[in-house]
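Q: Show me how the following folds:
(2 chains)
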Protein chains: 2
Amino acid sequence: MGEADVIVHDRLVGEGVLDLARRDAGRIFVGKARANHCMPQEEINALIVRLAREGKRVVRLKGGDPFVFGRGGEEVEACRAAGVPCEVVPGVTAALACAAATGIPLTHRDHARTVTFATGHTRDGRLDLDFAALARPGQTLAVYMGVTTLAALRDGLVAAGLPAGTPAALVERGGTDAQRVLRGTLDDVVARAPAWHAGGPALLLAGGVAAETEEVRLAA
Amino acid sequence: MGEADVIVHDRLVGEGVLDLARRDAGRIFVGKARANHCMPQEEINALIVRLAREGKRVVRLKGGDPFVFGRGGEEVEACRAAGVPCEVVPGVTAALACAAATGIPLTHRDHARTVTFATGHTRDGRLDLDFAALARPGQTLAVYMGVTTLAALRDGLVAAGLPAGTPAALVERGGTDAQRVLRGTLDDVVARAPAWHAGGPALLLAGGVAAETEEVRLAA
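A: Numbering: from 1, shown residues only, chains lettered A, B, ... in the order given. Predicted coordinates:
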């Protein structure tokens, strides 16, 4: 980031990240703000390509990992299509950050031989998820950004065979000083979530691993 | 890591990581070496607890993320059971590193609404995988450490309904200067892998996203 001419960034987990950039680099905020609509993805793609064609070195800065629900794939496609060379730097995606910060392992020799990341975002107004696959036993589920759709998620999973008593944890602002964790069974967590949720980004972890209930302090 | 008294480490992706540690911190290697057996997990757990009880600040250093096929969960359990306080620092797990380094996004609005991490390690001599779940469409599969079991993996997936023509990429030493990538259909990659593989750690990515065939240079 030290060589950037311009930084196109989202809302970030830590404000300190931008302090690592060159002071004279331009900054363009394209992420979601509470009351505003974010810039449409197509406009972000076009912006990155336009800046690059002006000869600028562009850093596209996101929270988490750009290739896990980050739409980085679409941005890379746009760059390729325009002949703009690019590099991708991986990051710590929210599921990994929340797992570490809560002491809930995503895989475990005894009760989670796979882990699946899904999103609680809707498409055309409904959850676009393969509940039959997500309800299979022996895995950990990490569901991104699903607070408003938690009840629909629970209904879909339980209808597909996942026990309502599956251990779960809802992690709000995971990995930050403001982290909060709601633990219980899937049913219990989903029932209590609306009153509990304070409006921050949240991630749901579900599976046998979430029964690891003792909190581990997050490393600074 | 600057405050560690002793560092209990695996074989690491980059040697430079240990240079960040205090020069006078002790180092204990417990990971796999080519010709040796690694220390059994139970011994590693006991070692960490013993060192902590001697009053030492212990860093348990792994490649990737400790909670994704890293057995960090078992080590945290051992610490909890012994009353040893611990903190977990997340890392960039191999799937994320390989995705970034190959330009293959793990999720994509158009053809991967979930991503599943599985392991090609065997238990009691066979692949302990839920092929019915892994073969479902609309997801990306990232299979860790599966070179010797690739044929069994392919057979299981195809028998469960995954098309043999599913795009795939086998990434060896992903994210390092020695990275190599074998691309093709699942069937093709598995057939060519034995002759191609140079003995390094490898990860298989399979799904529509792997059709993103143009290489993206890894950021330094």
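Q: all contacts plus neighbour counts: C-alpha atoms, from now on.
A: Fine.
Q: Residues in a beta bridge with the nearest residue to residue A:27 once chain neighbours are set aside, which ones?
A: Setting aside the residues directly before and after it, residue A:27 is nearest to residue A:7 in space (C-alpha to C-alpha, 6 or more residues apart in numbering or on different chains), at 4.8 Å. Using DSSP bridges, the beta-bridge partners of residue A:7 come out as residue A:27, residue A:59.
Q: and whatever residue of chain A ends up closest to chain B, helix, strand or coil?
A: Of the residues in chain A, the one nearest chain B is residue A:116, at a distance of 4.2 Å by C-alpha to the nearest C-alpha. Assigned with DSSP: H, G, I helix; E, B strand; the rest coil, residue A:116 falls in the strand class.
Q: quick one: it and residue A:138 touch, right?
A: No - here residue A:116 does not reach residue A:138: they are 10.9 Å apart, not a contact under C-alpha atoms under 8 Å.
Q: now the helices for chain A?
A: Assigned by DSSP state H, the helices in chain A fall at A:41-53, A:72-81, A:94-102, A:131-134, A:150-159, A:186-196.
Q: Could you identify which of these is most buried?
A: Most buried of the helices of chain A by mean neighbour count (mean count of other C-alpha atoms under 10 Å in any protein chain shown) is helix A:94-102; its value is a mean of 27.
Q: Do any residues in that one lie close to chain B?
A: Yes - using C-alpha under 8 Å from any C-alpha of the partner chain, we find that helix A:94-102 touches chain B at A:96, A:97, A:99, A:100, A:101.
Q: nearest spatial neighbour of the third one, skipping sequence neighbours?
A: Excluding the flanking residues, the one nearest residue A:99 by C-alpha to C-alpha, 6+ apart is residue A:105, at 5.8 Å.
Q: who's in contact with the one you found?
A: A:99, A:209, A:210, B:67, B:68, B:72, B:73 (C-alpha atoms under 8 Å, 6 or more residues apart in numbering or on different chains).
Q: Which single one of these is nearest to residue B:152?
A: Minimum separation from residue B:152 among those (C-alpha to C-alpha) is found for residue B:68, which lies at 22.1 Å.
Q: measure the closest one to chain A for me?
A: Residue B:68 is 5 Å from chain A, where distance means C-alpha to the nearest C-alpha, to the nearest Å.
Q: how about the nearest residue to residue A:169, chain neighbours excluded?
A: residue A:183 (4.4 Å).
Q: Check whether that neighbour really touches residue A:166, as I assumed.
A: No - checked against C-alpha under 8 Å, the pair residue A:183 and residue A:166 is beyond contact range at 11.0 Å.
Q: Name the residue in these two with the higher neighbour count.
A: When neighbours are counted by other C-alpha atoms under 10 Å in any protein chain shown, residue A:183 comes out ahead of the other of residue A:183 and residue A:166, with 23 against 19.
Q: How about the contacts made by the more buried one?
A: By C-alpha under 8 Å, 6+ apart, the contact set of residue A:183 is A:167, A:168, A:169, A:170, A:189, A:213.
Q: From those, list the buried ones, please.
A: Among the contacts of residue A:183, those classed as buried by 16 or more other C-alpha atoms under 10 Å in any protein chain shown are A:167, A:168, A:169, A:170, A:189.
Q: Determine which two of those are furthest apart.
A: Greatest spatial distance in the buried ones among the contacts of residue A:183: A:167 and A:170, 10.5 Å, computed using C-alpha to C-alpha.
Q: Might you report the residue contacts of residue A:30?
A: Residue A:30 makes contacts with A:8, A:9, A:10, A:38, A:39, A:44, as judged by C-alpha under 8 Å, 6+ apart.
Q: Give the buried subset of these as a ChimeraX selection command.
A: ChimeraX command restricting the contacts of residue A:30 to the buried ones, with burial defined by 16+ other C-alpha under 10 Å:
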select /A:8,9,10,44
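Q: now the contacts of residue A:30 as a markdown table including pLDDT?
A: Converted to a markdown table, the contacts of residue A:30 look like this (pLDDT from 0 to 100):
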| residue | pLDDT |
| --- | --- |
| A:8 | 95 |
| A:9 | 92 |
| A:10 | 89 |
| A:38 | 73 |
| A:39 | 86 |
| A:44 | 95 |
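Q: Quick check: of the contacts of residue A:30, which lies closest to residue A:58?
A: Proximity of these to residue A:58 (C-alpha to C-alpha) peaks at residue A:8, which lies at 7.2 Å.
Q: mind listing what that closest one touches?
A: Counting by C-alpha under 8 Å, 6+ apart, residue A:8 touches A:27, A:28, A:29, A:30, A:48, A:58, A:59, A:60, A:61.
Q: Adding distance to residue B:152 and pLDDT, write the residues you listed out as a markdown table.
A: Shown next, in a markdown table, are the contacts of residue A:8 (distance: C-alpha to C-alpha, whole Å; pLDDT from 0 to 100):
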| residue | distance to residue B:152 | pLDDT |
| --- | --- | --- |
| A:27 | 50 | 92 |
| A:28 | 49 | 93 |
| A:29 | 47 | 91 |
| A:30 | 45 | 91 |
| A:48 | 43 | 97 |
| A:58 | 44 | 97 |
| A:59 | 42 | 96 |
| A:60 | 40 | 96 |
| A:61 | 40 | 94 |
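Q: Would you mind confirming that residue A:182 is in contact with residue A:174?
A: No - taking contacts as C-alpha under 8 Å, residue A:182 lies outside contact range of residue A:174: 11.5 Å.
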